[in-house]
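Undergrad: return a 3D structure for these sequence lines:
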Amino acid sequence: MDAAQPEAGTGTTSRGVGARLKRMRQVFGLTQRELARRAGVTNGAISLIEQDRVSPSISSLKKILDGIPMSLAEFFTLDLAGPEDVFFAAEDLPEIAFGDKISFRMVGRAIQGRALQMLHETYQPGADTGEVMLRHDGEEAGIVVRGRLLLTVGDQERVLGAGEAYYFKSRIPHRFRNPDDSPCEVISANSPPSF
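TA: From the prediction side, this is the model:
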C-alpha cells in the first residue's frame, strides 16, 4: 500500500486518532477534501481515518499532518479537552479596582498559562498610580482611546491623547496619571502578565 494511504489494522497509533484528526482539521478550518489535497491523499482516506475504520501508519499520519501543518508531537500532546473561551462579553471582564479612581478590566483572566495580559483601563480625573514608580519584568504597550494620560517612563514624560500610544520595557520605572477633569480610557497589554 502507498505510504500516503492508511493501512488497515497495521497502524501503531492508539485508538481515537480519528476523532483527534477530525477535531484538529476542524480547529484549523479545513474540510476533509482540502486536507486530502494538501496532504496528497484521497478524501476517502481522511474519511476512513476520522471514522476510526482504519488506523494509519505513523508515516501516513505524518504525511496527513504535514497538510495542516502540524508535527506528530503536537498532534498527540495538544490539549483538546475542550475549547478555551475566545470571546468575552463586557460582563466577563473581571474588575480589578485600585481605590475608587483606577479600574482595570482584564481579558481572559481564567485562561491557564497566559503569556499576555490585556486590560481595559479607566483613570478617573486626577487618578494616579502613586508616587512610587512601578517596575516589573516584561514589556507593556497601550493606546489611549478617550481622554488624556500623563505617562512617565524613566526620565521621559508625555501627555498622550486619544489615538496616541506607548510601548516600553517594564523594568524602567513608570507611572500613569490622568491630569484632566474627565475620565481617561486606555487599552493596554503586558507580557508576561504582571498580575
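
Undergrad: CA atoms for contacts and neighbours, from now on please.
TA: OK.

Undergrad: per-residue pLDDT, residue 146?
TA: Residue-level confidence at residue 146 comes out at 98, pLDDT.

Undergrad: secondary structure element for the residue nearest to residue 180 when sequence neighbours are not counted?
TA: Counting by Cα to Cα, 6 or more residues apart in numbering, residue 125 is the residue found nearest to residue 180 once chain neighbours are left out, at 5.6 Å. Residue 125 belongs to no helix or strand when assigned by DSSP states H and E.

Undergrad: Provide the backbone phi and psi angles at residue 125.
TA: Main-chain torsions, residue 125, degrees, to the nearest 10: phi -50, psi 130.

Undergrad: can you show me the helices along the chain?
TA: 17-27, 32-39, 43-50, 58-66, 72-77 (DSSP state H).

Undergrad: export those helices to TSV and tack on distance to residue 143, mean pLDDT and mean neighbour count?
TA: TSV is the format used below for the helices of the chain (distance: least, Cα to Cα, whole Å; pLDDT from 0 to 100; neighbours: other Cα atoms under 10 Å):
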stretch	distance to residue 143	mean pLDDT	mean neighbour count
helix 17-27	31	87	17
helix 32-39	40	91	18
helix 43-50	46	91	19
helix 58-66	39	87	20
helix 72-77	35	78	12
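
Undergrad: can you check which of those helices gets nearest to residue 187?
TA: helix 17-27 (28.6 Å; Cα to Cα).

Undergrad: measure how far the closest one is from the centre of its chain, please.
TA: Relative to its parent chain, helix 17-27 has a centroid offset of 21 Å by Cα atoms, centre = their mean, to the nearest Å.
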